[in-house]
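Student: Need coordinates for the following:
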Amino acid sequence: MAVQDILTIPDERLKQVSQPVESFDEQLHWQLQDLEDTRQAGPAAVGIAAPQIGWFQRAVIVDVSGRKKTPSHGYLELINPEILEWDDFKLGREGCLSVPDFTGNVIRAKNIKLRAFDRHGSMLEFDMTGFEARAIQHEIDHLDGILFPDRVVSRRSDLFQRKVYQASTKK
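Tutor: Model prediction:
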C-alpha cells in the first residue's frame, strides 16, 4: 500500500515483456494495491500497467469512469489480459506516465473483445468501445514492452511536446 516510482523513458526495463501471473494470492492483492495507489497519485491517470512500477507481470488497472459520456465498465483490475477480437480503427491522442514529456497520435481499434482474470482468478470477458478500448490497448502494450511512441505513424508529425505536466513520481 504505497505509491511506487514510475519508470520513465529511456529506462530499458520498459521494453521488457511481462510474464503471466500464476498465483492469485495475497501477494498479488498487495501488488495491485500499490499499482492503484501509484495510478491515483499520477496526474489524471486512467490506467497503469505493472511494468511501469518495475513489476514485470501481466497486470493492469484501468478506470475511465470519470470521463463524462464515456462508456465504461468502471474500475478494472485485469490480470493476464488478452484481446480476442478488434475492429474499426481510429487515430487518437495518448499520453503516458512513463513518457511524461510527450503525447502522440496513435491508431487503435475502436472496439475490442477482452478476456482477463480478476484478482481472485475468475475469468472475465468484456466488449469495449471508444476510449476504454483505447486505454486497455495502451496498457496491454506496456505488458509487451511497447510504449505509445513506438506506435506513432510519424515521430515528426504525430509526437507532441507536452506543454504542462507535473509527474508526482519519477525514476
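Student: Just to check, Gly74 is in contact with Gly66?
Tutor: No: with contact defined as Cβ atoms under 8 Å, Gly74 does not count as touching Gly66 (10.2 Å). In this view, the C-beta of every residue, glycine as well, is placed from N, C-alpha and C.
Student: pLDDT of the longest strand along the chain, averaged?
Tutor: Longest strand in the chain by number of residues (criterion: DSSP state E): strand 76-96. Averaged over strand 76-96, pLDDT sits at 96.
Student: I'd like to know which elements that strand is packed against.
Tutor: On a contact count with 3 or more Cβ pairs under 8 Å, 6 or more residues apart in numbering; DSSP states H and E, strand 76-96 meets helix 26-41, strand 59-62, strand 99-117, strand 123-129, helix 130-143.
Student: contacting residues for the nearest residue to Leu114 once chain neighbours are set aside?
Tutor: Sequence neighbours aside, Phe126 is the residue nearest to Leu114 in space, at 4.7 Å (criterion: Cβ to Cβ, 6 or more residues apart in numbering). Contacts for Phe126 (Cβ atoms under 8 Å, 6 or more residues apart in numbering) come out as His73, Leu76, Lys113, Leu114, Ala116.
Student: what's the distance between Phe126 and Leu84?
Tutor: 10 Å (Cβ to Cβ, to the nearest Å).
Student: tell me the pLDDT at the residue nearest in space to the middle of the chain?
Tutor: For the chain, the residue sitting closest to the mean C-alpha position, by Cα atoms, centre = their mean, is Glu139 at 2.3 Å. Glu139 carries a pLDDT value of 98.
Student: same deal with Gly42?
Tutor: Looking at Gly42, its pLDDT reads 84.
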